[in-house]
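**Student:** Pasting a predicted model and its sequence here:
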Amino acid sequence: MNGHSGRLLVDCPECAKVDGWQTATGLRFAAQNIRHEAETEADIDLAELCQWTVDTHYPDPKNNNHCVACGERWYQDVNIGPLQCLAFIEVRIQNNFWVMRKVWKIREKWKAHL
């Protein structure tokens, strides 16, 4: 599995077939970005987890902002602003680890060429 290598996400014909991510932000955009650059089945699993989380975990304003999926109270994230339940935050952390691993791979490639 090599992702849609050699192309930018916005220029990828495979990703163009997927509707809605072009205007997405946060985990919804992260899901498509991970799918685009997936190198392993674990990457695909993370993309699906990001998509599932954003589709199912959101606050219910009629129920005092408790999550419709897990029932937890959504908490204010001081760094990005919106409220989030713990499941949502955990998936964001997994996404951040994925990004860090990608950066380390790029760093190692550059170190090898110096």
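**Tutor:** Nice, I can see it.

**Student:** Show me what the biggest helix by length in the chain is packed up against.
**Tutor:** Once the chain is assigned using DSSP state H, the helix that runs over the most residues is helix 86-113. Judged by 3 or more CB pairs under 8 Å, 6 or more residues apart in numbering; DSSP states H and E, the packing partners of helix 86-113 are helix 26-37, helix 41-56. From N, CA and C alone the C-beta is placed, and that goes for glycine too.

**Student:** most tightly surrounded among those helices?
**Tutor:** Looking across the helices and strands packed on helix 86-113 with neighbours counted as mean count of other CB atoms under 10 Å, the highest average goes to helix 26-37: a mean of 20.

**Student:** what's the angle between that one and helix 86-113?
**Tutor:** 40 degrees (axes from the mean of the first three to the mean of the last three CA atoms, to 10 degrees).

**Student:** tell me the mean pLDDT over helix 26-37?
**Tutor:** Taken as a whole, helix 26-37 has a mean pLDDT of 88.

**Student:** so where's this protein uncertain?
**Tutor:** Applying pLDDT under 70 to the chain flags residues 1-6, 76-78, 80-82.

**Student:** Of all residues in this structure, which one is nearest the centre?
**Tutor:** A30 (3.0 Å; CA atoms, centre = their mean).

**Student:** If you tally nearby residues, what's the number for the residue lying closest to L49 once chain neighbours are set aside?
**Tutor:** Closest residue in space to L49, ignoring its immediate chain neighbours: V91 at 5.8 Å, by CB to CB, 6 or more residues apart in numbering. Applying other CB atoms under 10 Å, we find 22 residues neighbouring V91.

**Student:** and V91, what is it in contact with?
**Tutor:** 27, 49-50, 53 (CB atoms under 8 Å, 6 or more residues apart in numbering).

**Student:** can you redo the helices and strands packed on helix 86-113 as JSON lines with distance to D11?
**Tutor:** Formatted as JSON lines, these follow (distance: least, CB to CB, whole Å):
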{"stretch": "helix 26-37", "distance to D11": "10"}
{"stretch": "helix 41-56", "distance to D11": "19"}
